[in-house]
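**Student:** sequence unknown, structure follows:
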């Protein structure tokens with residue numbers, strides 16, 4: 001699970017939305033989508049343009065700032081990424097009037113990979129292209145990207161990646177989807193989460209029962225959770241996610257089941273102690289080790305439970321096993 005902020009901070013995703021459309025009267029500026037608390041954005045479809053009309057384009061991404069004079073080069077950390085290549089989205093000649101339903105965009109938050117620099121989008125209309133801009137904590141643009149999808153069918157997974165000009169914590173990603181009729185709609189993603197440092201609870205072999213001797217550890221962790229919530233009380237919609245992990249001693253199936261039981265036990269303990277925010281849990285068994293080992297290796301670092309405060313569900317491992325957060 002990727003850590004995206006310094007020390008105990010590892011960002012995840014809050015989706016904030018904006019909308020716009022091609023055609024006369026479009027008002028949304030694609031470079032600055034408006035924040036909103038929902039996970040999808042919608043756009044009204046404009047009247048079909050006449051044969052001589054041309055749907056207005058969203059403004060291009062911000063240009064890279066001019067370089068200073070050669071005798072005093074700008075520090076690398078002040079540079080901004082060059083703009084993305086231009087991809088034209090025009091209604092096709094002779095095409096029928098555009099779709100009647102609103103254009104909507106959705107981003108699979110569990111598939112946003114800040115370390116791998118990629119994410120996935122879906123549109124409710126045939127897709128022409130997806131554009132994105134990545135902004136760092138410095139406020140500078142780390143990457144601009146655009147990818148053509150040549151009329152991919154509605155609901156198709158549209159994968160796009162980017163290449164940041166330097167390593168920096170991402171503070172915002174703006175994503176814009178364009179359909180083949182000249183409509184466009186945007187969504188803004190704000191990564192944030194906090195991983196709570198804590199002392200691990202020790203369980204008896206093959207047990208998920210929390211012993212009385214381990215309760216002080218959980219009480220100390222609960223105090224840290226409350227302190228983090230107080231510090232970030234300006235953020236709305238924070239949840240606590242409990243993730244259980246094991247080493248490779250025992251069968252993968254047994255370890256998966258045990259990790260889930262222990263994660264749920266700890267999540268239930270937090271809920272039982274009056275934690276008011278949403279609490280969810282999942283166990284990953286031996287599928288997400290900190291230290292990679294062979295089978296039947298008792299690696300203490302891999303026997304752990306993560307406590308994560310986040311605005312959106314943490315990214316899940318991909319593979320043969322299907323994982324999903326369960327709410328209490």
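**Tutor:** Yep, that arrived. It should be emphasised that the depicted structure is a prediction, and the values quoted were computed from it without experimental measurement.
**Student:** which sections of the protein are below the confidence cut-off?
**Tutor:** The chain contains residues with pLDDT under 70 at 1-78, 90-99.
**Student:** Helices of that one, start to end?
**Tutor:** 215-231, 252-272 (DSSP state H).
**Student:** Tell me how far residue 314 lies from residue 82.
**Tutor:** Distance, residue 314 to residue 82, using Cβ to Cβ, to the nearest Å: 32 Å. The way it works is simple: take the backbone N, C-alpha and C, and place the C-beta from them, glycine included.
**Student:** These two - which one has more neighbours?
**Tutor:** More crowded of residue 314 and residue 82, by other Cβ atoms under 10 Å: residue 314, with 22 against 13.
**Student:** Residue 308 and residue 192 touch, don't they?
**Tutor:** No: judged on Cβ atoms under 8 Å, residue 308 makes no contact with residue 192 at a distance of 11.1 Å.
**Student:** all strands of the chain, in order?
**Tutor:** Ranges of strands within the chain are 14-20, 40-43, 103-107, 118-123, 127-136, 141-152, 158-161, 170-179, 184-190, 193-195, 239-245, 279-283, 304-310, 326-327, based on DSSP state E.
**Student:** Of all these, which one is nearest residue 213?
**Tutor:** Of all those, strand 304-310 sits nearest to residue 213, with 16.5 Å by Cβ to Cβ.
**Student:** Count the residues that sit near residue 204.
**Tutor:** 8.
**Student:** my read: it touches residue 213, true?
**Tutor:** No: between residue 204 and residue 213 there is no contact under Cβ under 8 Å: 10.8 Å.
**Student:** dump the residue contacts of the closest residue to residue 199 other than its chain neighbours.
**Tutor:** The shortest distance from residue 199 to any residue other than its chain neighbours is 4.6 Å, reached at residue 217 (Cβ to Cβ, 6 or more residues apart in numbering). The contact partners of residue 217, by Cβ atoms under 8 Å, 6 or more residues apart in numbering, come to 198-201.
**Student:** Mark which of the residues you listed are buried, thanks.
**Tutor:** Neighbour-count burial (16 or more other Cβ atoms under 10 Å) is assigned, among these, to 198, 201.
**Student:** Rebuild the contacts of residue 217 as TSV, extending it with distance to residue 242.
**Tutor:** Shown next, in TSV, are the contacts of residue 217 (distance: Cβ to Cβ, whole Å):
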residue	distance to residue 242
198	11
199	15
200	13
201	11
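**Student:** Show residues contacting stretch 270-278.
**Tutor:** Against stretch 270-278 from outside (Cβ under 8 Å, 6+ apart): 218-219, 222, 225, 229, 238-240, 242, 279, 327-328.
**Student:** Relative to residue 251, which of the strands of the chain is closest?
**Tutor:** strand 279-283 (14.2 Å).
**Student:** Direction included, what does the closest one pair up with?
**Tutor:** strand 239-245 (parallel), strand 326-327 (antiparallel) (DSSP bridges).
**Student:** quick one: it to chain centroid distance?
**Tutor:** Remark: strand 279-283 is offset 18 Å from the chain centroid, using Cα atoms, centre = their mean, to the nearest Å.
**Student:** gap between residue 198 and residue 87?
**Tutor:** As judged by Cβ to Cβ, residue 198 and residue 87 stand 47 Å apart.
**Student:** With residue 142 instead?
**Tutor:** Looking at residue 142 against residue 87, where the rule is Cβ to Cβ, the gap reads 20 Å.
**Student:** hang on, the earlier thing: just the buried ones among the contacts of stretch 270-278, please.
**Tutor:** Buried among the contacts of stretch 270-278 by 16+ other Cβ under 10 Å: 218, 222, 225, 229, 238-240, 242, 279.
**Student:** CSV please, covering the residues you listed and showing distance to residue 255.
**Tutor:** Shown next, in CSV, are the buried ones among the contacts of stretch 270-278 (distance: Cβ to Cβ, whole Å):
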residue, distance to residue 255
218, 22
222, 27
225, 26
229, 32
238, 30
239, 25
240, 23
242, 17
279, 23
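**Student:** and of those residues, the nearest to residue 296?
**Tutor:** Closest approach to residue 296 among the buried ones among the contacts of stretch 270-278 (Cβ to Cβ): residue 242, at 26.3 Å.
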